[in-house]
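Asker: 3D, please:
(chains A and B)
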Amino acid sequence: MRKSKERKFITIFGSVILLLVAVQYVVLSIIAVRNYVKMLYQQEDVRLLSVAAEPDAETCTLYRDKTWLESRFQLTKADSISLSVNLKDSVLQLELKGVVLKSSKLIDFQIDELFRRLNIGAYHHYFGEPARGTSLLSTIARSPLVVKKAPRDSVEYANQQHIIATTRQEIVHWMLTLDNQIVLKIEGVDTDARSEWLQSKQFWWKQDLKQAKTDLQKTIRFKQPDYRPSISLILNEADAKAIFRALPDQPQVCVRL
Amino acid sequence: MKREIDSVKEDGFKLILAKPLWRWLGFVLTLVGVLLLFLWLVFGATPWLTKQPLLYRLATDSSAVMAAMPGSQELTADIGRLQKKMDRLTPGGMYLIVNTTNNTFELYRNKKLIRQGLCSTGSYIRLETDQQKHWVFETPKGVLSVKGKITDPVWRKPDWAFVEEGLPVPPADSPSRYEYGVLGDYALALGNGYLIHGTLYQRFLGQPVTHGCIRLNDEDLEAVYKTLPVGAKVFIY
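Answerer: Numbering: from 1, shown residues only, chains lettered A, B, ... in the order given. All right, here's what the predicted structure looks like:
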């Protein structure tokens, strides 16, 4: 009887604690977003450039076009390959010294609500100049090195396998965190490989879980979780792979919304 | 009679609930329910709530700086100027772009694509010997240029060509280092021993099988050779 009461107490107490943490997480996440937006609009550069124009106004569109060209022009000064994300035309480009090496049409894209509501000042704050990638996570290796031991003699060489793996299928997803806190999520889609849906989702679930773990740890300490606005891009798998492998370790990126 | 039946039913129900199995089931179901609710709040409700437009609405009073914003005409002029600057950066003459992941190439003349096709690039094999020596068969990335053009090229086999076949490495001037007719009719030197050349193994075009050079089929090689002058840029990514 006493054991049963203990069990009941643990169940109720544990459940209440768990739900309280979850509710606290929800509330703190909302506060984090709100504070992030407030802080963004309090920044000096954002305040100086902010005008009371609607984001779809002609001046705003022209300003975005100008900013886009300016930041792409800045990229031409770099010696390494850079990435241009043009969401206006749904195109992802690899550029080097102003030359477009690869252009890939986006199948779909999603942007955070924050980006839909940026005024000119905030837009310039994020996209006024190229951002630099700080961390790059992916499902595939950057350099797919295969280590091969040199044969000791020609007999061993003759016995070695010289077959090339041509049909190797890889799931291509990668995530690039930029120094302006934006997260670029790139998903390669292959229409023939529907059976790999679960495998392909695993990468994103793993990232979500990792983020939730960090955020929950902060929540328990009554701290606000991190808010990182993201841009998700879906493109052809072969293009996603080629672009990923072409990029340097810390690529420069410019974005046009 | 009815009261009696009801009483028996009630007692039976209490008895069932009193059984340890039902108590355990209730305990487990409660925990599962709470856990599901927790997961929904963290992974479902929170992302949905933080996407609400209301959170991103903020009144920005900045009428004072409005006058400083350039007008439409000024912006259009700036855009035109910047676009011209960008266009000038693309080489006007001939250049080649090589994609080492998909093993394809594109040949441009006056900013227009004139030819594209399959090629073969570095295999990404790291060849290791017992003597702690190693070679990585990778095509270099970046902007290279055509350093020289050769007809009927002869392959001077480097050390790794012998090592990877388990053969003893001959002296530098040994005649066994020279192979004729394996590089096709033409070759374009890109520096550091890297070449654009032909191949005997045309079935491998489109695959990463080379030791770092770029292989093309005979027709493409001829077109590239005849189009690209010495000094033309080769963009490899």
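
Asker: Based on its surroundings, how many neighbours for the single nearest residue of the stretch 51-200 of chain A relative to chain B?
Answerer: Closest approach between the stretch 51-200 of chain A and chain B, counting by Cβ to the nearest Cβ: A:G98, at 2.8 Å. Every C-beta, even on glycine, is put in place using the N, C-alpha and C of the backbone. A:G98: 18 surrounding residues under other Cβ atoms under 10 Å in any protein chain shown.

Asker: Then A:V183?
Answerer: 17.

Asker: wait, it sits on A:W174?
Answerer: No - using Cβ atoms under 8 Å, A:V183 is not in contact with A:W174; the gap is 11.1 Å.

Asker: Which residues are in contact with the residue of the stretch 51-200 of chain A closest to chain B?
Answerer: Residues near A:G98 by Cβ atoms under 8 Å, 6 or more residues apart in numbering or on different chains: A:R72, A:F73, A:L75, A:T76, B:M86, B:L89, B:T90.

Asker: could you say which helix or strand contains the fifth one?
Answerer: Same thing as B:M86. B:M86 is part of helix B:72-89, with elements assigned from DSSP states H and E.

Asker: and the helix or strand following that helix, what other elements does it pack with?
Answerer: Note on helix B:72-89: by DSSP H and E, the next helix or strand toward the C-terminus is strand B:94-99. Counting contacts by 3 or more Cβ pairs under 8 Å, 6 or more residues apart in numbering or on different chains; DSSP states H and E, strand B:94-99 packs against strand A:99-111, strand B:104-109, strand B:233-236.

Asker: so can I have JSON lines of those showing mean pLDDT and mean neighbour count?
Answerer: Shown next, in JSON lines, are those (pLDDT from 0 to 100; neighbours: other Cβ atoms under 10 Å in any protein chain shown):
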{"stretch": "strand A:99-111", "mean pLDDT": "94", "mean neighbour count": "16"}
{"stretch": "strand B:104-109", "mean pLDDT": "95", "mean neighbour count": "19"}
{"stretch": "strand B:233-236", "mean pLDDT": "95", "mean neighbour count": "23"}
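
Asker: JSON lines for the ones you listed, including distance to A:E156?
Answerer: As requested, the helices and strands packed on strand B:94-99 are exported to JSON lines (distance: least, Cβ to Cβ, whole Å):
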{"stretch": "strand A:99-111", "distance to A:E156": "41"}
{"stretch": "strand B:104-109", "distance to A:E156": "35"}
{"stretch": "strand B:233-236", "distance to A:E156": "34"}
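
Asker: low-scoring stretches of chain A, by residue?
Answerer: A:1-4, A:51-56, A:161-169, A:191-195 (pLDDT under 70).

Asker: A:L92 and A:L233 touch, don't they?
Answerer: Yes - the criterion here is Cβ under 8 Å, and A:L92 meets it with A:L233 at 6.3 Å.

Asker: quick one: common contacting residues for the two?
Answerer: What both A:L92 and A:L233 touch, as defined by Cβ under 8 Å, 6+ apart, is the set A:V85, A:L106.

Asker: Contacts only, for B:W160.
Answerer: B:L127, B:W135, B:H211.

Asker: ok, the last one - contacts?
Answerer: Right, B:H211. If you count contacts by Cβ under 8 Å, 6+ apart, B:H211 has them with B:G122, B:S123, B:W135, B:F137, B:W160, B:A161.

Asker: circling back: for B:Q207, which of the helices and strands packed on strand B:94-99 is the nearest?
Answerer: Nearest to B:Q207 among those is strand B:104-109 (11.3 Å), distances taken as Cβ to Cβ.

Asker: heading toward the C-terminus, what's the first helix or strand past the strand or helix carrying A:K38?
Answerer: For A:K38, the host element (DSSP H and E) is helix A:2-42. The first helix or strand that comes after helix A:2-42 along the chain, using DSSP H and E, is helix A:44-49.

Asker: Can I get the very next helix or strand once past that next one in CSV, CA atoms only?
Answerer: Downstream of helix A:44-49, the next assigned helix or strand under DSSP H and E is helix A:58-75. C-alpha atoms of helix A:58-75 as CSV (Å, rounded to 0.1, in the frame of the first residue of the first chain):
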residue,chain,number,x,y,z
GLU,A,58,9.9,49.8,-54.8
THR,A,59,12.7,51.5,-53.0
CYS,A,60,13.1,48.5,-50.7
THR,A,61,13.4,46.1,-53.7
LEU,A,62,15.9,48.4,-55.4
TYR,A,63,17.8,48.7,-52.2
ARG,A,64,17.9,44.9,-51.9
ASP,A,65,19.2,44.6,-55.5
LYS,A,66,21.9,47.1,-54.8
THR,A,67,22.9,45.4,-51.5
TRP,A,68,23.1,42.0,-53.3
LEU,A,69,25.4,43.3,-56.1
GLU,A,70,27.5,45.2,-53.5
SER,A,71,28.1,42.1,-51.4
ARG,A,72,28.7,39.9,-54.5
PHE,A,73,31.2,42.5,-55.6
GLN,A,74,33.0,42.2,-52.3
LEU,A,75,33.2,38.5,-52.7
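
Asker: in helix A:58-75, what's buried?
Answerer: A:59-60, A:62-73, A:75 (16 or more other Cβ atoms under 10 Å in any protein chain shown).

Asker: Check which helices and strands that helix sits against.
Answerer: Looks like helix A:58-75 contacts strand A:82-86, helix A:120-127, strand A:252-256, helix B:72-89 (3+ Cβ pairs under 8 Å, 6+ apart).

Asker: again, only using 7 Å
Answerer: The contact analysis (3 or more Cβ pairs under 7 Å, 6 or more residues apart in numbering or on different chains; DSSP states H and E) places helix A:58-75 against helix A:120-127, strand A:252-256, helix B:72-89.

Asker: Would you mind giving those as JSON lines with mean neighbour count and distance to B:N102 added?
Answerer: Output for the helices and strands packed on helix A:58-75, formatted as JSON lines (neighbours: other Cβ atoms under 10 Å in any protein chain shown; distance: least, Cβ to Cβ, whole Å):
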{"stretch": "helix A:120-127", "mean neighbour count": "22", "distance to B:N102": "29"}
{"stretch": "strand A:252-256", "mean neighbour count": "23", "distance to B:N102": "22"}
{"stretch": "helix B:72-89", "mean neighbour count": "14", "distance to B:N102": "25"}
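
Asker: Lowest mean pLDDT among the helices and strands, pick that one out for chain B.
Answerer: helix B:63-66 (a mean of 52; mean pLDDT, DSSP states H and E).
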